[in-house]
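> Return atomic coordinates for the entry below.
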Amino acid sequence: MRPRVEEVRIRGLGVIDEAVLVLSPGFTVLTGETGAGKTMVVTGLGLLFGGRADPARVRPGSDKATVEGTLVVDPAGRVAQQVQDVGGQAEDGQLIISRT
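Next up is the predicted model:
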């Protein structure tokens, strides 16, 4: 089983005050008007997985931007083991990661 992103929560990033994106297995398409926040969703995913942070992306009026993701992982798999090795937990096959 490959890890997959199940949910992403974004707060204070660019034009996004607060948003929750629930993903299902399969193909996902992100569409919307210009300025709706599509780039910020992609930026948030990049941050979640180690991308370089830019303080200029923090929403005006917010003191910080936060991205949280829920990943579904194989409880007996390599990712769950790596998380455990560094002192974390993947409970019931779910791993929550956060970046501020």
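
> what secondary structure does V83 sit in?
helix (DSSP: H, G, I helix; E, B strand; the rest coil).

> What number of residues are in the vicinity of it?
Residues near V83, counting by other Cβ atoms under 10 Å, number 16. The C-beta positions use only the backbone N, C-alpha and C, and glycine is treated the same way.

> check contacts around the nearest residue in space to it that is not next to it in sequence.
Take V83 and drop its neighbours on the chain: the residue closest to it by Cβ to Cβ, 6 or more residues apart in numbering is A90, 5.2 Å away. Shown in contact with A90 (Cβ atoms under 8 Å, 6 or more residues apart in numbering): V73, P75, V79, A80, V83, Q84.

> Now distance to I96 too, for those, in JSON lines please.
Listed next are these as JSON lines, based on distance: Cβ to Cβ, whole Å:
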{"residue": "V73", "distance to I96": "11"}
{"residue": "P75", "distance to I96": "14"}
{"residue": "V79", "distance to I96": "13"}
{"residue": "A80", "distance to I96": "13"}
{"residue": "V83", "distance to I96": "10"}
{"residue": "Q84", "distance to I96": "14"}
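
> a markdown table please, covering these and showing pLDDT.
Converted to a markdown table, the contacts of A90 look like this (pLDDT from 0 to 100):
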| residue | pLDDT |
| --- | --- |
| V73 | 93 |
| P75 | 91 |
| V79 | 90 |
| A80 | 90 |
| V83 | 91 |
| Q84 | 90 |
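
> Tell me the one of those nearest G46?
Taking Cβ to Cβ as the measure, G46 lies nearest V79 of these, at 18.8 Å.

> list the helices and strands the helix or strand where that closest one lies packs on?
Assessed by DSSP states H and E, V79 sits inside helix 78-85. Helix 78-85 sits against strand 94-99, with contacts defined as 3 or more Cβ pairs under 8 Å, 6 or more residues apart in numbering; DSSP states H and E.

> how far off strand 94-99 does the longest helix along the chain point, in degrees?
Counting by DSSP state H, the longest helix found in the chain is helix 38-48. For helix 38-48 against strand 94-99, the angle by axes from the mean of the first three to the mean of the last three Cα atoms, to 10 degrees is 100 degrees.

> what sits up against helix 38-48?
Contacts for helix 38-48 (Cβ under 8 Å, 6+ apart): 5, 8, 10, 13-16, 19, 21, 30-32, 51, 53, 57, 65, 67-69, 97, 99.
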